[in-house]
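# Pasted the sequence and its predicted model underneath.
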Amino acid sequence: MTDKTLVSTAPSVEITVDGDAVLARKGEPLAAVFLRLEDMHTRTSFFSSQPRAPFCMMGVCYECLVEVEGIGTIRSCQQAVNAGMKVQRYDHPKRLK
């Protein structure tokens, strides 16, 4: 048995994802926020436009790419949440066949 806290006790902050307000915990990985959303995708595949979501949670797979205002395109598993973050999913337009 452990006495360590497994759930963040950091204060709640508000961020926006695609213009919608979302509650998160200050300092938690941004990818963890996406995994709690009903639509958890962070980007779409360039080749198929299929939705992709956080996978490895350690910055290896690049499935969790998002755009963060003031930072640019980042891996959301490597970015800590801060109050007021403005996040956009990295959706590619459908490719022409």
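Yep, that arrived.
# For the protein, give me the ranges with low pLDDT.
Scanning the chain with the threshold set as pLDDT under 70 gives 1-8, 93-97.
# and with 80 instead?
For the chain, applying pLDDT under 80 flags the ranges 1-8, 92-97.
# What is the three-state secondary structure of the residue nearest the centre of the chain?
Residue closest to the average C-alpha location in the chain (CA atoms, centre = their mean): residue 31, at 3.5 Å. The assignment at residue 31 comes out as helix when based on DSSP: H, G, I helix; E, B strand; the rest coil.
# isn't it right next to residue 64, touching?
Yes. At 4.7 Å, residue 31 counts as touching residue 64 under the criterion of CB atoms under 8 Å. C-beta coordinates here come from the backbone N, C-alpha and C atoms, glycine included.
# Do a quick rundown of the strands in the protein.
12-17, 20-25, 43-44, 51-52, 65-68, 72-75, 86-89 (DSSP state E).
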